[in-house]
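>>> With the input below, show me the fold.
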Amino acid sequence: MLQTMSFREKTPTSPKSPLRRRRSSWSDAWINNASPLKNVVCAMPVQSSSFKSKTLTRNFSIDRTLALSDALMLKILEKLPDSQKNAVPLVCKRWMNLQGGFVRTIKVLDWDFLLSGRLISRFPKLSHVDLVSACLNSPRSSGILLNHMGISFHIPSDLSSNWDFAEENLLPNDMVDRGLRALSRGGCNLRKLIVINATELGLLGLAEECLDLQELELHKCNDNLLRGIAACENLQALRLIGRVDALYSSSVSDIGLTILAQGCKRLVKLELSGCEGGFDGMKAIGQCCEMLDELVICDHRMEDGWLAALSYFDNLKKLRITSCRKIDPCPGPEHVLGSCPALERLHLNKCCLNDKNGGVRALFRICEEAAHVSFQDCWGLDNDAFSEAKAFRRVRYLSLEGCSRLTTDGLESVILHWEELESLRVESCKSIKDGEISLALSSLFSLLKELTWRPDTRSHLSSVLESTAIGRRGSKFFKKR
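Numbering: from 1, shown residues only. Below is the predicted model of the structure:
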């Protein structure tokens, strides 16, 4: 039952009534003159025998979201913009735990946070975990931050007396393995892991618990460590860093590459950085990893003759060679080199392409089927070395950037032999000049679908091309009608 009280009617009072003699106050004057309040109706519950009396004070501290399930709250929080999601953990402890369910990628900085189990309890749905920074005991008070080969850590100011700082300040192997066990026991859906200084036993335990692991990056890798990845049945992408100059040293030889080939037959992408090995190890990978689509060779220490093993990669489509001071000093006779029949892309970045020993010629011969060829900041790429690119038979896209020794004549002597060339990009190649462009080369430019021409800061051809059809002819004449 509700008892209704109205302020519209006033109770009549006699002149002698105490209410009549009461001194008027400011509140009375305000109420009497506030016309909207005359129509206010207040509804209050009437106390009865079946209803226990309660205080009619509203408690504004009650969290109305407690009535919502976690699943429903997660759907609501997902609708928030990214700029507001960072403030969600500040609301309450429950919201902080719910917000942890959104985090999929994390970079761990405190190793004790991992060992205590709080990492998994706080972020139960992690899929990408980076442990490298937490494995280094670096002085965080230092203002010097070093970034190299995917590693970022603080270094002391007096490092000149100790260049082995990184290797000496790594966590012990048993401590790293304890962290991997804590991570695997958490039951998270781990798909990618980056770790340094782990052991075979640590990786074996991780592989048994984290069956969905697909990407693995191992720093300071060696042959024994590669025995532990044989249990990673679903591994698709693998990056091995064996030795990094001035940081740490480790060795991956043909033995390790053979173990890798026999244990990870579902690999799609493989990167070998600072690894040794040679023909036998690379051949084993090519024969066993039939699904391998992309291969990256970085700063290799491989033995002479390793290039010939690339012909065993039947399904390889992308080959990237980066930061190599040599390609192959002794590749062997051409009749044993073979070729990669499925190769589509060849990318050379920051490599020495001085072809005194025939390494560049052998590489181009093996990659003759490539349709997309790119040279970026490669020293030693002069006219003689670039002339070996005539071995490419189906080039449709060529990119040259930072190749200062290549001249206009050297460029023209090669690309005029490519009948299928459709796109050309030339940037920061100071020896290529606008004034040296011949009539044959300019005719080729007019037939290209795409042309980017900025060989140096003094080039005026790029501004002229913007007002002509050169470089845009493909989009104008080859579009569907």
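>>> Determine the three-state secondary structure at the closest residue to D177 other than its chain neighbours.
Using C-beta to C-beta, 6 or more residues apart in numbering and skipping the chain neighbours, the partner closest in space to D177 is G202 (3.5 Å). In short, each C-beta sits where N, CA and C put it, glycine included. The local conformation at G202, judged by DSSP: H, G, I helix; E, B strand; the rest coil, is helix.
>>> Wait, D299 touches G274, no?
Yes - the pair D299 / G274 is scored as a contact, 5.3 Å apart, by C-beta atoms under 8 Å.
>>> The two: which has the busier surroundings?
G274 (25 against 21; other C-beta atoms under 10 Å).
>>> Confirm for me that that one is in contact with R239.
No - with contact defined as C-beta under 8 Å, G274 does not count as touching R239 (11.0 Å).
>>> can you tell me how far F313 sits from S404?
32 Å (C-beta to C-beta, to the nearest Å).
>>> Those two - which one has more neighbours?
Taking other C-beta under 10 Å, F313 and S404 do not tie; F313 has more neighbours (26 against 17).
>>> what residues are up against S423?
By C-beta atoms under 8 Å, 6 or more residues apart in numbering, the contact set of S423 is R396, Y397, L398, L448, K449, E450, L451.
>>> do the same with G263
Taking C-beta under 8 Å, 6+ apart as the test, what G263 contacts is L226, R227, I229, A230, A231, C232.
>>> For the stretch 51-200 of the chain, which segments count as helices?
Ranges of helices in the stretch 51-200 of the chain, per DSSP state H, counting those that start in this stretch, are 70-78, 82-85, 93-100, 111-115, 118-122, 165-168, 173-185, 200-209.
>>> now what about the longest one, what contacts it?
With C-beta under 8 Å, 6+ apart as the test, helix 173-185 has contacts from 111, 114-115, 117, 119-120, 129, 131, 134-135, 190, 193, 195-199, 201-203, 205-206, 208-210.
>>> How about E450, nearest residue that isn't a chain neighbour?
Nearest to E450 is S423, by C-beta to C-beta, 6+ apart, at 4.0 Å.
>>> Could you measure from the one you found over to F445?
S423 is 11 Å from F445, by C-beta to C-beta.
>>> Find residues that contact each of those two.
With C-beta under 8 Å, 6+ apart as the test, S423 and F445 both reach L451.
>>> surely L337 meets A362?
Yes - using C-beta under 8 Å, L337 is in contact with A362, at 5.7 Å.
>>> what do the two both touch?
With C-beta under 8 Å, 6+ apart, L337 and A362 have common neighbours L307, A308, P331.
>>> what's the lowest-pLDDT member of those residues?
pLDDT is lowest at P331 among the shared contacts of L337 and A362; the value there is 91.
>>> ok, how many other residues are close to that residue?
For P331, using other C-beta under 10 Å, the count is 23.
>>> Would you confirm that it contacts L337?
Yes - P331 lies in contact with L337 (C-beta under 8 Å); the separation is 6.7 Å.
>>> which residues do those two both contact?
L307, A308, A362.
>>> could you dump these to CSV with neighbour count and secondary structure?
As requested, the shared contacts of P331 and L337 are exported to CSV (neighbours: other C-beta atoms under 10 Å; DSSP: H, G, I helix; E, B strand; the rest coil):
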residue, neighbour count, secondary structure
L307, 25, helix
A308, 20, helix
A362, 25, helix
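>>> what about C330, neighbour count?
Neighbours around C330, by other C-beta under 10 Å: 13.
>>> Am I right that it falls within a helix?
No - applying three-state DSSP, one finds C330 to be coil, outside a helix.
>>> Quick one, grab the pLDDT at it.
C330 carries a pLDDT score of 91 in this model.
>>> And A246, by the same measure?
So A246 comes in at 72 (pLDDT).
>>> For F313, see how far away it is.
For A246 relative to F313 (C-beta to C-beta), the value is 32 Å.
>>> cool, and L448?
L448 sits 31 Å away from F313, going by C-beta to C-beta.
>>> what do you get for S250?
25 Å.
>>> do E294 as well
Counting by C-beta to C-beta - E294 and F313 are separated by 10 Å.
>>> Which residues are in contact with the nearest residue to H460 once chain neighbours are set aside?
Nearest non-adjacent residue to H460, counting by C-beta to C-beta, 6+ apart: D434, 6.2 Å away. Neighbour list for D434: P455, R458, S459, H460, L461 [criterion: C-beta under 8 Å, 6+ apart].
>>> Closest one to R345 out of these, please.
Lowest distance from R345 to the contacts of D434 (C-beta to C-beta) belongs to P455, with 23.2 Å.
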